[in-house]
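Participant: coords please:
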Amino acid sequence: MTVLLDRPVTPTAPAAAPPRRTATRDPFIDLLRVAGMALIVLQHWTIPVLTYDQGRLTTGNALSTPGVWAVTWISQVMPLVFFAGGAANAISFRRAPGGAPRWLAARLRRLAWPLLPLAAVWIPLPHVLLTLGVPAQPLAVGSRLTGQLLWFLAVYLIAVTATPYALRLHERFGVRVPLALGAAAVLTDVARFSTGVDALGYLNVVFVWMAVHQLGFWYAEGRLRLTGLLALGGFGAGALLVTFGPYPGSMIGLPGAAVSNMAPPTLAMLAVGLGQIGLAVLLRPWLLRLPTGRLLAWAGPRIMTVYLWHMPALFVVTGVVVVGLGIDTPTPGSAFWLAGWPLWFGLLALVLWPLVRTFARFENPPALPYGRSGWGGMLGAAGLVGAGVLTLTVVGFAPGGWPFLAVIALIGGLLATGPRAQG
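Facilitator: Model (predicted):
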């Protein structure tokens, strides 16, 4: 990839928004976000292979079918989601009045506020259902997986909080920033696989996702060039890494696999992500001709709600169909599986619809009636929100004290933002 700076830009302090102004919204970025969310929901609803026997719910993965892993090079959309997030953050930050603290305060409220109703439902729900005689093990699976889904928010909070600094580095060093992050991802994987210490790989949570987030800045300025070569180079590098390196072909973690390209993200994930970004931007003129205006207008304000509540919808249908009626998932790809998929998907959509209608209002957080804070205060608020989200990611909503502490941290972070945070 070759990207050229049009002209040198004087770096700005994190507390002040850069002066360059861009469009308020980009329909291509909105399309990537909505399409990415649609693919996430489609995968989460389609790939589980569920069986229930003697009080235990087991979860397999339809993508474990030989050869099907190739689908994940397109369907694993997290690189595109972080890329779109980088572009959206650059656009909104450069237009935000009041500097970095006020911008970060608004971002934190938008991310954290929708989590409160999720916690309000899921913290008491396992206790209530256990009292009603629902088997404990399926409840534990649902409670844990609902929390694990929040890993994306935990990482995205890092990207959002780092945006003012990342933009400053972008304006000062240009293409050297994503190149340095990519080099750090290489070194991380070399250290991980040469020492056998898998924990080292989690450094790539920052290096891989921030690298694609940083490319979003280039797109926001209209200076992302040679996207065809980026697509070929990214997918080609991914193919070489999978063929000759220690990386599996699937970009989604599979049960029993020795290595996952997703948790933690690997150099192969970064390569495929670059290929996806190049391909998506290359197809941008064609994508913008699609009649998606009404869809984007409806889905955009509800995207976080769908993300947070599509897995609870899955657990409701699983509880009735798999646990209650004893109907296990047919063999993926079989005639029964193909015939039953539309019904399965329809039931899930039927359950999700009232959840979206009920909880979408929380995508617009209320303005708090007090508060002024500088950049240090906003970093503290981000730390509290991040601690709450990370706790829920690790422990889920299983009965115990940790979910309560997580919610306290979330509320503390929200209260610390205030409506008039200023630099």
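Participant: Can you tell me the element the most centrally placed residue in the chain falls in?
Facilitator: Centroid check for the chain by C-alpha atoms, centre = their mean gives residue 152 as the closest residue, at 3.6 Å. Using DSSP states H and E, residue 152 maps to helix 151-173.
Participant: Please apply the same query to residue 222.
Facilitator: Under DSSP H and E, no helix or strand contains residue 222.
Participant: what residues are up against the residue nearest to the centre of the chain?
Facilitator: Contact analysis of residue 152 by C-beta atoms under 8 Å, 6 or more residues apart in numbering lists 78, 81, 307. Glycine gets a C-beta too; all of them are placed from N, C-alpha and C.
Participant: now, which of those residues sits nearest residue 201?
Facilitator: Set against residue 201, the nearest of these by C-beta to C-beta is residue 78 (15.8 Å).
Participant: ok, for that closest one, nearest residue in space, not its chain neighbours?
Facilitator: Nearest residue to residue 78 in three dimensions, chain neighbours excluded: residue 152, at 7.1 Å (C-beta to C-beta, 6 or more residues apart in numbering).
Participant: Please state the offset of stretch 89-99 from the chain centre?
Facilitator: Centroid displacement of stretch 89-99 relative to its chain, using C-alpha atoms, centre = their mean, to the nearest Å, is 21 Å.
Participant: again with stretch 204-213
Facilitator: The chain centre lies 12 Å from the centre of stretch 204-213; the measure is C-alpha atoms, centre = their mean.
Participant: cool, and stretch 277-295?
Facilitator: With C-alpha atoms, centre = their mean, you get 20 Å for stretch 277-295.
Participant: heads up, I number from 47, so please use that
Facilitator: Okay, using 47 as the starting number, the last item reads as stretch 323-341.
Participant: With only the CA atoms kept, save that stretch in CSV.
Facilitator: Extracted C-alpha coordinates of stretch 323-341, given in CSV (Å, rounded to 0.1, in the frame of the first residue of the first chain):
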residue,chain,number,x,y,z
ILE,A,323,-10.4,-2.8,3.3
GLY,A,324,-8.9,-2.6,-0.1
LEU,A,325,-11.7,-4.6,-1.7
ALA,A,326,-14.4,-2.6,0.1
VAL,A,327,-13.0,0.8,-0.9
LEU,A,328,-12.4,-0.5,-4.5
LEU,A,329,-16.1,-1.4,-4.7
ARG,A,330,-17.2,1.9,-3.0
PRO,A,331,-18.6,3.5,-6.2
TRP,A,332,-20.7,0.5,-7.0
LEU,A,333,-21.9,0.0,-3.3
LEU,A,334,-23.0,3.7,-3.2
ARG,A,335,-25.3,3.1,-6.1
LEU,A,336,-27.3,0.5,-4.2
PRO,A,337,-30.7,1.7,-2.9
THR,A,338,-29.8,1.5,0.7
GLY,A,339,-30.8,4.9,1.9
ARG,A,340,-34.0,3.9,3.8
LEU,A,341,-32.2,0.8,5.3
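Participant: Which residues are in contact with the residue lying closest to residue 442 once chain neighbours are set aside?
Facilitator: Counting by C-beta to C-beta, 6+ apart, residue 193 is the residue found nearest to residue 442 once chain neighbours are left out, at 3.1 Å. Residue 193 is in contact with 438, 439, 440, 441, 442, 443, 449, counting by C-beta under 8 Å, 6+ apart.
Participant: Looking at residue 193 now. What's its pLDDT?
Facilitator: Residue 193 is assigned a pLDDT of 94 by the prediction.
Participant: Within the helices and strands, which one has it?
Facilitator: When elements are assigned from DSSP H and E, residue 193 belongs to helix 182-194.
Participant: can you pull out the strands in the chain?
Facilitator: Using DSSP state E, the strands of the chain run over 94-99, 102-107.
Participant: of all those, which lies closest to residue 429?
Facilitator: Among the strands of the chain, if distance is taken as C-beta to C-beta, the winner is strand 102-107, at 33.1 Å.
Participant: which of the residues in the closest one are buried?
Facilitator: The neighbour-count check on strand 102-107 (16 or more other C-beta atoms under 10 Å) flags 103, 106, 107 as buried.
Participant: swap in stretch 393-411?
Facilitator: 393, 394, 397, 398, 401, 402, 405, 406, 408, 409, 411.
Participant: What's the separation between the second one and residue 443?
Facilitator: Going back to what we said before, that points to residue 394. Taking C-beta to C-beta, to the nearest Å as the measure, residue 394 falls 20 Å from residue 443.
Participant: again, but for residue 78
Facilitator: Using C-beta to C-beta, residue 78 is found at 30 Å from residue 443.
Participant: For the closest residue in space to residue 190 that isn't next to it in sequence, the count of nearby residues, please.
Facilitator: Excluding its sequence neighbours, the residue lying closest to residue 190 (C-beta to C-beta, 6+ apart) is residue 442, at 3.8 Å. Residue 442 has 24 neighbours, counted by other C-beta atoms under 10 Å.
Participant: Residue 442 reaches residue 189, doesn't it?
Facilitator: Yes - Residue 442 is within contact range of residue 189, at 4.9 Å (criterion: C-beta atoms under 8 Å).
Participant: what's the single longest helix in this structure?
Facilitator: The longest helix of the chain (DSSP state H) is helix 381-405.
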